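Novice: Sharing a sequence plus its predicted fold:
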Amino acid sequence: MIISSKDIIKLFSISIVTCCSVFVCTMFLNYNIDLVAIDSSKLSEAGRTLYEAQVSMGKITAAITGGCLGIISVILLIFYVKNYIDTHGRELGILKATGYSNISVARYFWVFGISVFAGCAVGFCAAYAYLPNFYEVQNADGILPDIAVQFHFVLLLCLVILPSLAFCAFAIVYAFLKLKRPTLDLMYERRQAKIKNAKESSKELSFLQSLKRAILRSKKILVFFIAFSAFCFSSLVQMSMSMIDLASQTMAGIMFTIGLILALLSLLLSLSEVVKGNSKTIAMMRVLGYDNKACSNTILGAYRPFACVGFIIGTLYQYALLKLIITFVFYDVEIMPEYNFDWIALLITSVAFVVVYELTMVFFSLRISKTPLKSVMAE
C-alpha cells in the first residue's frame with residue numbers, strides 16, 4: 001500500500017494546529033525555565049509578586065494552549081485517517097484479500113504523523129527565533145532582572161520528538177481498529193447504516209429539511225470543526241483586544257494571528273469537505289429543479305446555527321479565562337488593570353465574523369453552482 005505525497009499534503013491543517021500549539025508552549029515554558037533559574041530571594045516585593053505571577057501564567061497558558069490544540073490535532077488525525085480508509089476502501093480491501101493482515105496494512109499509516117512532526121518542528125524553531133523579543137516584552141517594565149535565552153533539550157523532547165512519535169503510534173492503532181471490518185465491506189465501500197428512531201421517522205418533514213438532517217448526520221465531525229472555527233475567531237480575537245491593555249500589543253498580535261489562522265483554516269477545510277462530500281446530492285438537487293440558492297441553503301445553511309453556538313461559547317470562554325487569570329494569578333500585581341467584559345470588542349468581533357463567514361459562504365455557494373451534473377452519474 002502506498003500513501004501518496006498528495007495524501008500527506010492534505011494533512012497540512014494538522015501541521016498548522018500543532019505549529020501554533022508548540023509555538024506558544026515553547027515561548028512560555030522556555031521563559032519559565034529561565035525565569036525560575038534566577039535567585040528570587042534577591043527580588044523586591046513587587047518583583048517577587050510579578051515573578052510568581054509570570055510563572056503561574058506560563059504554566060496556565062501552556063496547559064490550556066497545549067491541551068486544547070492537542071485535542072484538536074487528535075480529532076483532525078482521526079478525521080483524516082478515517083477519511084483515507086473510507087475513500088481507499090477498495091485498495092485496502094484488495095490488500096486484505098491477498099493476505100495482508102490488519103496490522104501489516106495499518107503500520108503504513110505512521111506517515112500521517114509526519115504532519116505533526118513538521119508542525120511541531122516549525123513551531124519550535126519559530127518560537128526560538130522570536131524568544132529574544134518575547135523576553136523583552138515579558139519584562140517591559142524592568143521589574144525583573146534581564147534574562148538570557150537558553151536552549152533546553154527537554155522542550156525539544158517533550159514538544160517535538162515525543163508528540164510526533166505518539167501521533168505516529170496513534171495513527172497506526174486507529175487505522176488498525178478501523179480496518180477490522182469484513183474485507184468485502186471495504187472493497188465495496190459499505191457503510192454501517194444506523195437505524196432511525198421510529199418516532200423521528202414518523203415526523204412529517206419537508207424534503208429539504210430531511211436532507212439537511214441527513215447531511216448533518218453523515219459527517220458530524222464537520223459540525224464540530226465549523227463550531228470550532230467560530231469559537232477560535234470569537235475567543236482569540238476578543239482576547240487579543242483585551243491583551244492590548246492587560247499585556248502588550250505584541251501578545252495581542254500573536255493571539256490575533258493564531259486566532260485568524262485557526263478559524264479560517266477550520267472553516268475553509270470544513271466547508272470544502274461539505275461541498276466535496278455532497279457533490280452527488282448537489283447534482284441530484286439540480287436535476288430535480290432546485291436553484292443554486294436552495295442548494296446552498298440546504299448544504300451550507302445547515303451548519304450556520306452551529307457557527308453561532310461556537311461564537312457564543314468562545315465569547316463566554318475568553319471572558320471567563322481572562323477574569324480567572326486576572327483574579328487569581330495577577331491579583332497581587334499593582335500594575336495590572338482591572339478587567340471587565342469588553343462590549344465594544346464583542347460588537348467589532350461579531351460584525352467581523354459575520355462578514356468573514358458570509359463571504360466564505362458566498363465563495364462556496366459559487367463552487368456549488370459549478371458542481372457538474374455528471375457527478376450524479378458517477379456510480
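Specialist: It's in. Predicted model, so just to flag it, every value in this text is computed and none were measured.
Novice: centre of the chain versus stretch 149-160, how much separation?
Specialist: How far stretch 149-160 lies from its chain's middle: 24 Å, per CA atoms, centre = their mean, to the nearest Å.
Novice: Which positions within it qualify as buried?
Specialist: L155, L156, C158, L159, V160 (16 or more other CB atoms under 10 Å). All C-beta spots, glycine's among them, are computed from the backbone N, C-alpha and C.
Novice: hmm, who's touching it?
Specialist: When contacts are defined by CB atoms under 8 Å, 6 or more residues apart in numbering, stretch 149-160 is touched by residues 22, 25-26, 29-30, 33-34, 37, 117, 120-121, 123-124, 128, 131-132, 135.
Novice: Could you rerun that using 10 Å?
Specialist: Residues outside stretch 149-160 that contact it (CB atoms under 10 Å, 6 or more residues apart in numbering): 18, 21-23, 25-26, 29-31, 33-34, 37, 62, 66, 116-117, 119-125, 127-128, 131-132, 134-135, 161-163.
Novice: Narrow the residues you listed to those that are buried.
Specialist: The neighbour-count test (16+ other CB under 10 Å) marks 18, 21-23, 25-26, 29-31, 34, 62, 66, 116-117, 119-124, 127-128, 131, 134-135, 163 as buried among the contacts of stretch 149-160.
Novice: follow-up on the earlier one: okay, and which of the contacts of stretch 149-160 map to helices?
Specialist: Residues of those located in helices (DSSP state H): 18, 21-23, 25-26, 29-31, 33-34, 62, 66, 116-117, 119-125, 127-128, 131-132, 134-135, 162-163.
Novice: re earlier: just give me the closest of the buried residues of stretch 149-160 to L321.
Specialist: Using CB to CB, L159 is the member of those that lies nearest L321, at 22.1 Å.
Novice: Where does the closest one sit: helix, strand or coil?
Specialist: Under the three-state scheme (DSSP: H, G, I helix; E, B strand; the rest coil), L159 adopts helix.
Novice: now swap in I147 and tell me
Specialist: Criterion first, three-state DSSP; result for I147: coil.
Novice: State the distance from the nearest residue to it once chain neighbours are set aside to P132.
Specialist: For I147, ignoring the flanking residues on the chain, the nearest one in space by CB to CB, 6 or more residues apart in numbering is D34 at 4.9 Å. Distance, D34 to P132, by CB to CB, to the nearest Å: 12 Å.
Novice: ditto for S13
Specialist: According to CB to CB, S13 stands 30 Å off from P132.
Novice: Repeat that for I33.
Specialist: Separation of I33 from P132 (CB to CB) stands at 15 Å.
Novice: now swap in S365 and tell me
Specialist: Distance, S365 to P132, by CB to CB: 46 Å.
Novice: tell me the contacts of the nearest residue to V22 once chain neighbours are set aside?
Specialist: In this structure, V22 finds its nearest non-sequential neighbour in G123, 3.4 Å apart by CB to CB, 6+ apart. Shown in contact with G123 (CB under 10 Å, 6+ apart): 15-27, 159-160.
Novice: same thing with T327?
Specialist: Going by CB under 10 Å, 6+ apart, T327 touches E338, Y339.
Novice: pLDDT wise, what is it at?
Specialist: T327 is assigned 77 on the pLDDT scale.
Novice: Is it within a helix or a strand, and which one?
Specialist: Taking DSSP states H and E as the definition, T327 sits inside helix 304-328.
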